[in-house]
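In: How does the following fold in three dimensions:
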Amino acid sequence: MTGERSLQFGPLTFLDWDAPGWAFSELTDWFGTTPDKKDVVERPQQHGAFPTDHSLRSTKAISIRVSFRGETGADVEEAFDQLSAVAAEGPVLLTANYPAGSTWRYVTASVTPEDHFGLHIGQAVIHCIARDPRRYATGAWVDTPLPSPGQGVVWPLTWPMVWPGGGSSGRITLVNNGKAPTDPSFVLPGGIGSALITCVATGARVGFARPVPAGSTVLIKNGHATLDGQNVDRWLRYREWTSIPGGMSRTFQFDATEPEGSPRLAGKADHAWW
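Out: Purely as a prediction, here's the structure:
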């Protein structure tokens, strides 16, 4: 049924029904897996090939057939110029809004306009490459302070007893509702001397070994670290990166030295699909 789908290509919106402005009629290879790029080593004296423990997927090629309907042929040419300018910037955020929800990828793109013969309707094909073949739905940020003890119980007990509160485990749990593994992102707060993030399930660690000034933040994402936008990869330690499998969660422990105030670690996992 038309009217239930749309695409967002940078600042441009493509609808799936005929209306003035941009529309799309085909979105090819948005869903599904890409080929396994691991080499196949045939068994010399047995059937088949040697097994592999997991697959590594190649980049994702996506194409979109779009059209523009204006009032004059000049409107079409102006629209194609704008489309080409957006594609040339790259990488571009491409979002598909479907009945089951919205998913997105970052793509590099090229545009092939077709001759519109001076008419007020023209068509083009957008050729996209997603270097990360997964598609994502944005997850929510969660945060935690450093570990701290609770208030404890005062003896002798009196009834009715009110259990004391306070304290923090210093842990966050990130959930991946998709079907493909996803890589978490973390934001370290200012006002710490160094930090350590440990995956409770696997023991994998990611450390940051330099002070973070109060008012600044460190973003740890995709194997890199930036301090207020500046690359600080050289201060990363251990680099034992952990993915969150599809349909599962992982809990991470936050520890830091020389805290000032109440620093809080923030983390996010975008839900991922093939």
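In: hey, let's count contacts and neighbours off CA atoms from now on
Out: OK.
In: in the stretch 151-274 of the chain, what spans have low per-residue confidence?
Out: 151-155, 157-166 (pLDDT under 70).
In: Using the record's domain definitions, break this structure down for me.
Out: Domain assignment for the chain, taken from automatic domain parsing, gives 6-133, 142-154+161-273.
In: Just put the ones you listed in a markdown table and tack on mean neighbour count.
Out: Compiled in a markdown table, the domains of the chain are given as follows (neighbours: other CA atoms under 10 Å):
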| stretch | mean neighbour count |
| --- | --- |
| domain 6-133 | 16 |
| domain 142-154+161-273 | 17 |
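In: quick one: residue 198 and residue 237 touch, right?
Out: No: using CA atoms under 8 Å, residue 198 is not in contact with residue 237; the gap is 11.8 Å.
In: what's the overlap in contacts for the two?
Out: Common contact partners of residue 198 and residue 237 (CA atoms under 8 Å, 6 or more residues apart in numbering): residue 206.
In: can you list the residues that contact the longest strand belonging to the chain?
Out: For the chain, the longest strand by residue count, based on DSSP state E, is strand 101-113. With contact meaning CA under 8 Å, 6+ apart, strand 101-113 is reached by 80, 83-84, 87-88, 90-97, 122-132, 134-138.
In: quick one, the helix or strand following that strand and strand 101-113 angle?
Out: Proceeding N to C from strand 101-113, the next assigned helix or strand is strand 121-130, under DSSP states H and E. Orientation of strand 121-130 against strand 101-113 (axes from the mean of the first three to the mean of the last three CA atoms, to 10 degrees) gives an angle of 120 degrees.
In: Output strand 121-130 as PDB, restricted to C-alpha atoms.
Out: Only the C-alpha atoms of strand 121-130 are listed here, as PDB (Å, rounded to 0.1, in the frame of the first residue of the first chain):
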ATOM      1  CA  ILE A 121       8.900  15.200 -14.400                       C
ATOM      2  CA  GLY A 122      12.300  13.600 -14.300                       C
ATOM      3  CA  GLN A 123      13.800  10.400 -12.900                       C
ATOM      4  CA  ALA A 124      17.200   9.500 -11.400                       C
ATOM      5  CA  VAL A 125      19.000   6.500  -9.800                       C
ATOM      6  CA  ILE A 126      20.900   6.900  -6.500                       C
ATOM      7  CA  HIS A 127      23.700   4.300  -6.200                       C
ATOM      8  CA  CYS A 128      24.800   3.800  -2.500                       C
ATOM      9  CA  ILE A 129      27.500   1.900  -0.700                       C
ATOM     10  CA  ALA A 130      27.200   1.200   3.000                       C
END
